[in-house]
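**Student:** pasting a predicted model and its sequence here:
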Amino acid sequence: MSKKVLLLLAVLPSFTFAGQLDYQFNSPTFNGSGYGTYELSIKQMQDQNKANYDAQQQALQQAAITAAANTPQAQFVSNLQSRIYSQLALNITNTLFGATGQPSCGTNCGGSMDVGGNTITWSLNNSSQMINIRITNDSNPSQYTNMSVPIGTFAF
């Protein structure tokens with residue numbers, strides 16, 4: 001009996017078989033079979049619904065902003081600000097250029113004013129024959145606009 005067991009143990013390893021391992025992907029990125037197509041369709045519909053929802057929310061917010069800006073009070077304030085800024089610009093222009101294009105404020109003049117969170121500074125420099133205007137944002141002084149205009153260029 002022990003010879004039979006030893007013979008069986010000696011022959012047994014030669015009877016084992018191994019098979020090839022195959023792996024199937026479930027992601028639609030790696031295969032186009034039915035499961036992947038279904039998952040891809042679901043994902044696309046979810047993305048479309050999310051994009052539509054986001055667009056609707058943004059449209060509602062924009063509509064609320066537009067409605068608030070179109071009230072009679074908001075329109076009045078906007079028109080008033082425009083007229084005030086226009087009059088200020090006209091006054092500065094008349095001071096710096098005068099009716100003949102020459103300064104009506106003398107040889108060296110300038111001024112400064114605060115308007116809507118900005119400081120507007122202007123100066124006339126006869127030696128360089130230039131009028132310098134600087135508009136500076138009061139909350140961030142590194143944001144500014146400089147304009148230099150030659151004297152006598154606005155005569156009509």
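**Tutor:** Cool, the structure landed.
**Student:** how near is Tyr144 to Arg83?
**Tutor:** Remark: distance between Tyr144 and Arg83 (CB to CB, to the nearest Å) = 25 Å. Backbone N, C-alpha and C define where each C-beta goes, glycine included.
**Student:** neighbour count for these two, which is higher?
**Tutor:** Tyr144 (13 against 10; other CB atoms under 10 Å).
**Student:** neighbours around Leu80, how many?
**Tutor:** Neighbours around Leu80, by other CB under 10 Å: 10.
**Student:** and for Leu124?
**Tutor:** By the measure other CB under 10 Å, the count of residues near Leu124 is 21.
**Student:** pretty sure it sits against Ile92.
**Tutor:** No - with contact defined as CB atoms under 8 Å, Leu124 does not count as touching Ile92 (11.1 Å).
**Student:** do you have the strands of the protein handy? List them.
**Tutor:** 110-115, 118-125, 130-137, 144-150 (DSSP state E).
**Student:** now for the second one, which elements pack on it?
**Tutor:** Contacting strand 118-125 under the criterion 3 or more CB pairs under 8 Å, 6 or more residues apart in numbering; DSSP states H and E are the following elements: helix 72-97, strand 110-115, strand 130-137.
**Student:** including mean pLDDT and distance to Gln48, could these go into a markdown table?
**Tutor:** Shown next, in a markdown table, are those (pLDDT from 0 to 100; distance: least, CB to CB, whole Å):
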| stretch | mean pLDDT | distance to Gln48 |
| --- | --- | --- |
| helix 72-97 | 82 | 36 |
| strand 110-115 | 81 | 48 |
| strand 130-137 | 86 | 42 |
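**Student:** and those, which is most packed in?
**Tutor:** strand 130-137 (a mean of 17; mean count of other CB atoms under 10 Å).
**Student:** what's that strand packed up against?
**Tutor:** The contact analysis (3+ CB pairs under 8 Å, 6+ apart) places strand 130-137 against helix 72-97, strand 118-125, strand 144-150.
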